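[1] got a predicted model here, sequence first, then my questions.
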Amino acid sequence: MPFPPLPKEDLEHVLEHTRPLWEQLRVNRIFVTGATGFFGIWLLETFAHANRELGLGSELVGLSRNPEAFCSRVPHLARESSITLHQGDVRDFKFPEGSFSHVVHAGTTSSAPVPPAEMLDTIIKGTQRTLDFAVASGAKRFLFVSSGAVYGKQPLELTHIPETYNGSPDPMDPSSAYGEGKRVGELLCALTHQEHGLETTIARCFAFVGPHLPLDAHFAIGNFIRDAMKGDPITVKNGAPYRSYLYAADLAIWLWTILFKGEACHPYNVGSDQEITISDLAQIVASTLGGSVMDAAFTPNFNSAPSRYVPSADRARSELGLQPLVPLETAIRKVAEFALKASF
């Protein structure tokens with residue numbers, strides 16, 4: 001089923017907060033891996049909007065394992081003359097011809113049920129391949145879409161985890177494959193910067209909500225929105241953990257800003273610092289979209305504090321002027337409205 005274009009007000013919102021930055025890309029080419037995913041679609045569509053509105057004369061080449069499926073899913077992007085899809089696997093894709101000024105590496109696998117060994121292999125080999133391409137293509141700037149998973153389990157005494165925290169995932173836990181892969185990816189960026197001078201910027205991403213977020217995966221907010229839209233009670237299995245959610249249009253602003261302005265090898269957390277418990281999140285979704293909440297039986301562990309996955313946004317705010325702009329209730333409503341349009 002094809003998806004409609006992103007809301008026009010979201011595209012204008014992104015352009016309003018990134019307008020001066022796009023001059024870097026004027027009459028240039030940008031390569032994006034992960035072009036068909038949640039992040040990728042937002043990057044492609046906001047690029048296309050900026051390219052049209054500002055008359056940049058730029059071109060985007062997006063890597064996709066299945067261009068035909070992408071064209072069926074978002075036909076309006078497939079028709080964009082400034083966007084070309086390049087078929088290939090991120091681990092071994094054939095390099096597109098010509099030079100590129102910017103590269104965004106957003107290609108990974110985090111939502112699909114992938115064996116940990118395959119996930120680790122994809123992240124490490126894909127990052128190295130994309131870095132090699134950036135150097136070969138003459139690119140000046142590179143954005144690596146990393147993750148807050150690089151920190152491992154957030155310490156109980158840290159309400160908001162900063163970029164200076166040097167924790168790490170448990171290397172004996174296979175579920176750490178994603179976080180460990182991203183750690184290696186960041187190291188590869190640092191090595192490439194040292195050896196070739198490529199300006200490798202790093203975005204450590206946390207949790208998000210917006211059109212194109214899967215409503216049937218492991219994302220609690222997506223599942224809550226789905227249940228409310230279906231008229232089913234929102235089921236909360238464990239409402240104690242703390243999370244935070246940045247709207248996808250704000251996410252696009254942060255990613256473009258880090259690519260164009262971020263300091264090389266100086267990671268930036270990307271996410272809202274407005275913490276909320278999963279239980280309170282369910283109540284907000286229910287009050288925003290209508291519906292009820294059903295708390296499943298859960299026995300809390302009174303010997304430990306609830307888990308947290310909440311970033312400090314101080315660095316992005318103070319150094320790049322970034323901050324969450326779209327309220328959570330608005331974000332939830334916009335996801336539901338987009339999903340309804342997509343269903344017709």
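    Arrived safely, thanks for sending.
[2] now the longest helix seen in the chain: buried residues?
    Counting residues, the longest helix found in the chain (DSSP state H) is helix 116-137. Judged by neighbour count (16 or more other C-beta atoms under 10 Å), helix 116-137 contains these buried residues: 119-120, 122-124, 126-131, 133-135, 137. C-beta here means a position set from N, CA and C on the backbone, and glycine is covered the same way.
[3] moving C-terminal of the one helix or strand in the chain whose mean pLDDT sits lowest, what's the next helix or strand?
    When the helices and strands of the chain are scored by mean pLDDT, DSSP states H and E, strand 293-295 comes last with a mean of 83. Toward the C-terminus, strand 293-295 is succeeded by helix 314-320 as the next helix or strand (DSSP states H and E).
[4] buried ones in the helix or strand following that following helix?
    Counting by DSSP H and E, the element after helix 314-320 in chain order, helix or strand, is helix 328-342. Using 16+ other C-beta under 10 Å as the test for burial, helix 328-342 gives 328, 331-332, 334-336, 338-339.
[5] out of those, who's nearest residue 245?
    residue 328 (6.0 Å; C-beta to C-beta).
[6] the closest one reaches residue 283, doesn't it?
    No - at 11.6 Å, residue 328 does not count as touching residue 283 under the criterion of C-beta atoms under 8 Å.
[7] what touches both of those two?
    Common contacts of residue 328 and residue 283, defined by C-beta atoms under 8 Å, 6 or more residues apart in numbering, are absent altogether.
[8] returning to that earlier point: so what strands line up beside the least confident helix or strand of the chain?
    Strands that pair with strand 293-295, judged by DSSP bridges, come out as strand 234-236 (parallel).
[9] elements contacting the helix or strand that the strand it pairs with is followed by?
    Using DSSP H and E, the helix or strand that follows strand 234-236 towards the C-terminus is strand 242-243. If contacts are counted by 3 or more C-beta pairs under 8 Å, 6 or more residues apart in numbering; DSSP states H and E, strand 242-243 sits against strand 276-277, helix 278-289.
[10] nearest to residue 40, out of those?
    Nearest to residue 40 among the helices and strands packed on strand 242-243 is helix 278-289 (25.6 Å), distances taken as C-beta to C-beta.
[11] need the CA coordinates for that closest one. CSV is fine.
    C-alpha atoms of helix 278-289 as CSV (Å, rounded to 0.1, in the frame of the first residue of the first chain):
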residue,chain,number,x,y,z
ILE,A,278,5.8,4.2,29.7
SER,A,279,2.7,4.2,31.8
ASP,A,280,2.3,7.9,31.5
LEU,A,281,3.0,7.6,27.7
ALA,A,282,0.1,5.2,27.4
GLN,A,283,-2.2,7.6,29.2
ILE,A,284,-1.2,10.5,26.9
VAL,A,285,-1.8,8.4,23.8
ALA,A,286,-5.2,7.4,25.2
SER,A,287,-6.2,11.0,26.1
THR,A,288,-4.9,12.3,22.7
LEU,A,289,-6.6,9.7,20.5
